[in-house]
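> Next input, structure requested:
(chains A and B)
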Number of protein chains: 2
Amino acid sequence: MTPTLATMAGYVPITIDAHLVENIRHLIAEREDGMLLNLLADLYPVDIASLMERLPEQEARYLFLLLSDARKAEVLSELEPLWQERVIEGFSVETIADLLDELDTDDAADLVAELPEALRTQILSELEDEEEVRELLTYGEETAGGIMGTEYVVVPDTATIEEATEAVRMHAEWVDPLHSVFVVDEKERLVGQLPLKTLLLYPGRTPVQDVMQQEVITTLPHVDQEEVARLMEKYDLLVLPVVDEQQKLLGRITIDDVVDVIREEIEEDLYHISGTTGDESLGDSLLKVSRGRLPWLLLGLVGTMLSGIVVNLFQAGLQQAVVLATFIPVMTAMAGNAAIQSSAITVQGLTSGKLWESDLVRRLLKEVGVAFINGGVLAILLIGAISVLGLGGGKTLQLSLTAGSALFSVILLATTNGALIPVVLHKLGIDPAVSMGPFVTTANDILGLAVYFTIASFLFLS
Amino acid sequence: MTPTLATMAGYVPITIDAHLVENIRHLIAEREDGMLLNLLADLYPVDIASLMERLPEQEARYLFLLLSDARKAEVLSELEPLWQERVIEGFSVETIADLLDELDTDDAADLVAELPEALRTQILSELEDEEEVRELLTYGEETAGGIMGTEYVVVPDTATIEEATEAVRMHAEWVDPLHSVFVVDEKERLVGQLPLKTLLLYPGRTPVQDVMQQEVITTLPHVDQEEVARLMEKYDLLVLPVVDEQQKLLGRITIDDVVDVIREEIEEDLYHISGTTGDESLGDSLLKVSRGRLPWLLLGLVGTMLSGIVVNLFQAGLQQAVVLATFIPVMTAMAGNAAIQSSAITVQGLTSGKLWESDLVRRLLKEVGVAFINGGVLAILLIGAISVLGLGGGKTLQLSLTAGSALFSVILLATTNGALIPVVLHKLGIDPAVSMGPFVTTANDILGLAVYFTIASFLFLS
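Next up, the predicted model:
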């Protein structure tokens, strides 16, 4: 459900800032309900939701209860899941069901899915759209079925333009935004699509079969939401019908849902790269944030202690020539820098679908080539720098050759790993962005140190 | 310009794979133009473009020349900029101008902007939409003006629904997708918007003023494209009108352009995090890739040699107790792990607009709190591990306390830096994602080592 055109006309977008929040809190404290209602009347539901998420829970609920039932539902669908639960807590089963009935079925199903088991069963049986919502709950959360809604306008393939227009008129209020009318045959199989524009272009008596788009791009309910996003992006679709194996229409995904999917995808990548759990939000308590981050840091500590052990194994060598320690941070950091470059390009190629399996060998060879050139240049510079600085006392030449050839080998190995690991992860069904995160970095550290000390043993200490 | 509804009906989406590319290359080699045309006739322009980008330049051009003029333009607008230049190279000024006239003005302007100065001037003077394209070229590439198009349907505020419907009919072919009709007053100022649905809902004689949305969300031409994306995302807009300071309508931005902006944004972040230049693509030559990455690696080498110098300064201390070298990689890696966690959360808060300036002090205090807890836990574990392993010979206790307190301090400093640096970058107008990249990591390495060795001097060596 969305506002009717009449109410839409009145909304004004606003920027929520600390000053506004202060004002609202003051009005709540003074119980100035009239002024609050006046203020809220002009705001978009999404802005009211943002505002509520900035208030203490009690005050947010106070604001929410001031709203009319229709607006309550609109605001509810814009709130973050945690806030949705907070707001409906304590409402009766009937009140919650009434609110959910005002939502689009996909939003209602998302909210119901978050509820405790017992409450969920009670509420489901109270819903008007019980059957649709139950159906939506059976699909995986991150699949086409999980993000589709069941609000659409459909006409039989025997209809005329006039009948299709009439169908739009009948459903206009609860299907919004409305981009297209779907056309189905007698077995409810999707056979065509009519953009609204088409309804304006042809005379009322034209059979829809004559003017509909016949090749409609569709998806199946179990398809991953990222795949759905790529499809809609590629073909610039505003709406994507979801059908079953028999082409029977099950629901539709709209472009605004896909924008959300793309955002989620970015955030997921960021979490993988940074080694965080992903459900950390700005309002979380200190302990919750700590608990979320600590496991990754612990794993990091274990990994990094393996690096320490590699250094430790080489203690006798370091004792002979402590100057070798100078290059420990050089080797670990440069391994990381080189690996993340090649992995970023590979990850992006895999995510965008532009990198194919058949390209992989050529791609890897190219990375090796790039690493040869860059590793070579960097090694020569490092050799030059060590010589100029005269590090290593009487053994400057040996030291520079050790550090130089180690740097070359480390860049070569790390660049190759950086390009290879995302591909392996992708094959295993793991998000390739993980390759840019702390695990792979730590593995590269260990490898880099092992290479460095091995070379040092041969070139410098022997 | 986009295909008419009739041709749209025939297109079939395909997956381009190595096998298909081989087939096409075979057909090109055999000059099987008839079969090629048959095959291309069924494909979406975007798929033809992807296919061309997979072919050697000569063969791609051969395929392109087979297409009708209207399809040439459609395919051209889907090609990557580099490929657009390749394809039109050698065409006459008139041919290029004819192709550009078939494109939406925003796509035409983007392509013209990439052309060499001399050619640009010649082509501009040949364009039908010369004035619009010249106007669009005056806006920054990453602003609302730079991504808007001038294809829209507009009616005066004195019009009726019937007149608005007639306007849609007249312009339907060259404005696609069409979501809304804009309503302007006698001074060409935007006063309202009519979703197509509205045209179907009301009788023909209804004045548009009575049923239009009056509060239209608009943007100014100099607004950054990321801001535009956030606005359209937040309010679920399919189209956003761009107006000047006097509310005069200049153009419109459609949701598909915004999806592209969001994708660009992700890629930019990935480049900042990985230290690559951003214009690297899978088809680039070895030398081009090397040249793009080398500067970042050189900067990395300089930075990391500073870490080396910190270690070098502490040579005398290491000589006394070479076991201290064991913890060099621990300190650098853990500084990196802790910093990237707090920066990821801060970057995401800043990018989504959910983190306000007024939140910053509280946010920083919270990060310090989290670092206290996590740093404390990790330090205790490290102390335990060193004790159990009996590292440090006779001085196990001192070593464990040194490493433990250094780890605690490093986590505290790095976590705080991680939260602080993105904010500083943001204030300076630099993309905060840079804080997750190699520079800040290297700075944390240096800091971590300095802290570690200072603590070691006091607790272990004295």
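> For the regular element (helix or strand) spanning residue A:448, buried residues please.
For residue A:448, the host element (DSSP states H and E) is helix A:438-456. Applying a neighbour-count criterion of 16 or more other Cβ atoms under 10 Å in any protein chain shown, the buried positions in helix A:438-456 are A:438-453, A:455-456. For glycine as for every other residue, the C-beta is placed from the backbone atoms N, C-alpha and C.
> Show me which residues of the stretch 101-250 of chain A sit near chain B.
With the criterion set to Cβ under 8 Å from any Cβ of the partner chain, the stretch 101-250 of chain A comes near chain B through A:165, A:168-169, A:172, A:176-179, A:195-201, A:211-215, A:217, A:231, A:233-236, A:238.
> same thing but at 6 Å, please
A:165, A:168-169, A:172, A:178, A:196-197, A:200-201, A:213-215, A:217, A:233-234, A:236 (Cβ under 6 Å from any Cβ of the partner chain).
> Narrow those residues to those that are buried.
So, by 16+ other Cβ under 10 Å, the buried ones in these are A:165, A:168, A:172, A:178, A:196-197, A:200-201, A:213, A:217, A:233-234, A:236.
> Turn those residues into a markdown table, including pLDDT.
Shown next, in a markdown table, are those (pLDDT from 0 to 100):
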| residue | pLDDT |
| --- | --- |
| A:165 | 94 |
| A:168 | 93 |
| A:172 | 80 |
| A:178 | 85 |
| A:196 | 91 |
| A:197 | 90 |
| A:200 | 91 |
| A:201 | 90 |
| A:213 | 91 |
| A:217 | 94 |
| A:233 | 90 |
| A:234 | 90 |
| A:236 | 90 |
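> Out of those residues, which is nearest to residue A:104?
Of all these, residue A:104 sits closest to residue A:178, with 12.2 Å by Cβ to Cβ.
> name the element the closest residue to the closest one other than its chain neighbours belongs to?
In this structure, residue A:178 finds its nearest non-sequential neighbour in residue B:197, 5.3 Å apart by Cβ to Cβ, 6 or more residues apart in numbering or on different chains. Assigned by DSSP H and E, residue B:197 falls within helix B:196-201.
> circling back to that earlier point, now, the residues of the stretch 101-250 of chain A next to chain B that are in helices?
Counted as lying in helices by DSSP state H, out of these, are A:165, A:168-169, A:196-197, A:200-201, A:233-234.
> Quick check: closest non-adjacent residue to the residue of the stretch 1-150 of chain A found nearest chain B.
Here the stretch 1-150 of chain A gets closest to chain B at one residue, residue A:18, 4.0 Å apart by Cβ to the nearest Cβ. Leaving aside its sequence neighbours, residue A:18 sits nearest to residue B:358 (Cβ to Cβ, 6+ apart; 4.0 Å).
> For the stretch 201-350 of chain A, just list every one of the strands.
Using DSSP state E, counting those that start in this stretch, the strands of the stretch 201-350 of chain A run over A:239-243, A:249-254.
> got a markdown table for those strands, with mean neighbour count, mean pLDDT and distance to residue B:67 too?
Output for these, formatted as a markdown table (neighbours: other Cβ atoms under 10 Å in any protein chain shown; pLDDT from 0 to 100; distance: least, Cβ to Cβ, whole Å):
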| stretch | mean neighbour count | mean pLDDT | distance to residue B:67 |
| --- | --- | --- | --- |
| strand A:239-243 | 23 | 96 | 27 |
| strand A:249-254 | 23 | 94 | 31 |
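> For residue A:62, which of the ones you listed is the nearest?
With respect to residue A:62, and counting by Cβ to Cβ, the nearest of those is strand A:249-254 at 32.8 Å.
> Alpha carbons of that closest one, as CSV, please.
What follows is strand A:249-254, C-alpha atoms only, in CSV (Å, rounded to 0.1, in the frame of the first residue of the first chain):
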residue,chain,number,x,y,z
LEU,A,249,3.2,-15.9,-13.0
LEU,A,250,4.1,-15.9,-9.3
GLY,A,251,5.1,-12.3,-8.5
ARG,A,252,7.1,-9.3,-9.6
ILE,A,253,10.3,-7.5,-8.6
THR,A,254,10.5,-3.8,-9.0
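> packing partners for that strand?
The helices and strands touching strand A:249-254, judged by 3 or more Cβ pairs under 6 Å, 6 or more residues apart in numbering or on different chains; DSSP states H and E, are strand A:239-243.
> what does the strand it packs on contact?
A:144, A:148, A:179-180, A:190, A:218-219, A:221, A:232, A:249-254 (Cβ atoms under 6 Å, 6 or more residues apart in numbering or on different chains).
> can we see that at 8 Å?
When contacts are defined by Cβ atoms under 8 Å, 6 or more residues apart in numbering or on different chains, strand A:239-243 is touched by residues A:144-145, A:148, A:152, A:179-180, A:182, A:189-190, A:193, A:216-221, A:228, A:231-232, A:249-255.
> quick check: angle from that strand to strand A:249-254?
Inter-element angle recorded for strand A:239-243 and strand A:249-254: 150 degrees (by axes from the mean of the first three to the mean of the last three Cα atoms, to 10 degrees).
> contacting residues around whichever residue of the stretch 51-200 of chain A sits closest to chain B?
Closest approach between the stretch 51-200 of chain A and chain B, counting by Cβ to the nearest Cβ: residue A:196, at 4.3 Å. Contacts for residue A:196 (Cβ under 8 Å, 6+ apart) come out as A:168, A:178-181, B:196-197, B:200.
> now residue A:226
Contacts here follow Cβ under 8 Å, 6+ apart; on that basis residue A:226 touches A:142, A:261, A:265.
> related to what we said a few turns ago, would you turn the buried ones among the residues of the stretch 101-250 of chain A next to chain B into a markdown table with distance to residue B:310?
Shown next, in a markdown table, are these (distance: Cβ to Cβ, whole Å):
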| residue | distance to residue B:310 |
| --- | --- |
| A:165 | 75 |
| A:168 | 71 |
| A:172 | 69 |
| A:178 | 64 |
| A:196 | 66 |
| A:197 | 67 |
| A:200 | 72 |
| A:201 | 72 |
| A:213 | 66 |
| A:217 | 58 |
| A:233 | 47 |
| A:234 | 50 |
| A:236 | 53 |
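> Most neighbours out of the contacts of residue A:226, which is it?
residue A:261 (20 neighbours; other Cβ atoms under 10 Å in any protein chain shown).
> related to what we said a few turns ago, quick one: which of the contacts of residue A:196 is nearest residue A:317?
Of all the contacts of residue A:196, residue A:317 sits closest to residue A:179, with 69.2 Å by Cβ to Cβ.
> For the closest one, give me phi and psi.
phi -110, psi -40 (degrees, to the nearest 10).
> quick one: it from residue A:232, how far?
Relative to residue A:232, residue A:179 is positioned 12 Å away (Cβ to Cβ, to the nearest Å).
> contacting residues around the nearest residue to residue A:81 once chain neighbours are set aside?
In this structure, residue A:81 finds its nearest non-sequential neighbour in residue A:114, 5.3 Å apart by Cβ to Cβ, 6+ apart. Residue A:114 sits next to A:81, A:84-85 when contact means Cβ under 8 Å, 6+ apart.
> got the CA positions of the helix holding residue A:448 in PDB?
Taking Å, rounded to 0.1, in the frame of the first residue of the first chain, the C-alpha atoms of helix A:438-456 are listed here in PDB:
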ATOM      1  CA  PRO A 438      42.200 -10.400   6.600                       C
ATOM      2  CA  PHE A 439      42.600 -14.100   6.000                       C
ATOM      3  CA  VAL A 440      44.200 -13.900   2.700                       C
ATOM      4  CA  THR A 441      46.300 -11.000   3.800                       C
ATOM      5  CA  THR A 442      47.600 -13.000   6.700                       C
ATOM      6  CA  ALA A 443      48.300 -16.000   4.500                       C
ATOM      7  CA  ASN A 444      50.300 -13.700   2.200                       C
ATOM      8  CA  ASP A 445      52.300 -12.400   5.200                       C
ATOM      9  CA  ILE A 446      53.300 -15.900   6.200                       C
ATOM     10  CA  LEU A 447      54.300 -16.800   2.700                       C
ATOM     11  CA  GLY A 448      56.200 -13.600   2.200                       C
ATOM     12  CA  LEU A 449      58.200 -14.100   5.400                       C
ATOM     13  CA  ALA A 450      59.000 -17.700   4.600                       C
ATOM     14  CA  VAL A 451      60.200 -16.700   1.100                       C
ATOM     15  CA  TYR A 452      62.300 -13.900   2.500                       C
ATOM     16  CA  PHE A 453      64.000 -15.900   5.200                       C
ATOM     17  CA  THR A 454      64.700 -18.800   2.800                       C
ATOM     18  CA  ILE A 455      66.400 -16.500   0.300                       C
ATOM     19  CA  ALA A 456      68.300 -14.800   3.200                       C
END
